[in-house]
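Colleague: prediction below, plus the sequence it came from.
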Amino acid sequence: MRAKKSYGQHFLTNEHYARQIAQALELTDQYKHVLEVGPGQGMLTKHLLDRRDDFHLKVSEADQDMVHYLRTHYPELSPDILEGDFLRLPLETTFSGHPFGLVGNFPYNISSQILIKLLDNYQLIPEMVGMFQKEVADRVISDHGSKVYGVIGVLVQSRYAPALVFNVSRGNFSPPPKVESAVIRLVRRETPLIPDAHYGLFKHVVKSAFGQRRKMLRNSLKSIFPAEVMADLPLFERRPEQVSVADFVMLTERAIPHQP
């Protein structure tokens, strides 16, 4: 069965890596359900099923050919195959409101959207382990000062602690992608760095800053902060890649009194 470009499919062929990804879910004392996104032909799925004593597995698959393949080769999984687009899946009802781990060799064409959906549902998801295009993985785990540090990294790190699990070369897939890959693990923070009530403003500050990446914050954030506030903080003389996640949180807190 051939991979389809329209679904961003590149099938992992290395059993060792598939087993490592399945074993990287470590917080099963905090949840008893796991959702795999894009199982394809089940390379990762079978290793997740080996952990059925640890958690109840469901899979989300949009490709009907793959759904048929899974029903044929993993009949015990049939009741737990969620057919359709993961991005449209109501996660609050997937496990009747219970927390769950998120895992997958994520389709590269929607990987950033998957991360955004994760953040929007972070209260349900204590842990995520996923394969991403290495460029995306690097952006998620990078610290300030890095050239790839940006919006998605700051947003993810405000709610999760990220870590690299391992890198994967393109020869471990069929068909081989044009890019290198990496598996990362996200563990939800006990307390998010920014309260939910101010997360929208936090996103606005971060996106405004990186929307003019080459400019200092005093230029990119002038529509958010009054001039007297910017004059008091040397931080506004920095460019966004020089600003830590904690500093973006502090800036958001400073911005709250000045919002309409």
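Modeller: Yep, that arrived.

Colleague: pull the contacting residues for the residue lying closest to residue 122 once chain neighbours are set aside.
Modeller: Using Cβ to Cβ, 6 or more residues apart in numbering and skipping residues adjacent in sequence, the residue nearest residue 122 is residue 159, 4.8 Å away. C-beta: built from backbone N, CA, C; applies to glycine. By Cβ atoms under 8 Å, 6 or more residues apart in numbering, the residues touching residue 159 are 119, 122, 188, 189, 192, 193.

Colleague: okay, now the closest residue to residue 207 other than its chain neighbours: neighbour count?
Modeller: Of all residues not flanking residue 207 in the chain, residue 151 sits nearest, at 5.7 Å (Cβ to Cβ, 6+ apart). By other Cβ atoms under 10 Å, the residues close to residue 151 number 18.

Colleague: residue 151 and residue 204, how far apart?
Modeller: Going from residue 151 to residue 204 by Cβ to Cβ, to the nearest Å gives 11 Å.

Colleague: and for residue 24?
Modeller: Relative to residue 204, and taking Cβ to Cβ, residue 24 is found at 33 Å.

Colleague: the two: which has the busier surroundings?
Modeller: Neighbour comparison, residue 24 and residue 204: the larger count goes to residue 24, with 19 against 16 (by other Cβ under 10 Å).

Colleague: the nearest residue to the more buried one once chain neighbours are set aside: helix or strand, and which one exactly?
Modeller: Setting aside the residues directly before and after it, residue 24 is nearest to residue 129 in space (Cβ to Cβ, 6+ apart), at 4.5 Å. Using DSSP states H and E, residue 129 maps to strand 127-133.

Colleague: what mean pLDDT does that strand have?
Modeller: Summarised as a single mean, pLDDT over strand 127-133 is 97.

Colleague: and the contacts of it?
Modeller: With Cβ under 8 Å, 6+ apart, strand 127-133 has contacts from 12, 21, 24-27, 30-31, 37, 101-106, 108, 111, 114, 118, 140, 160, 165, 168, 177, 179-188.
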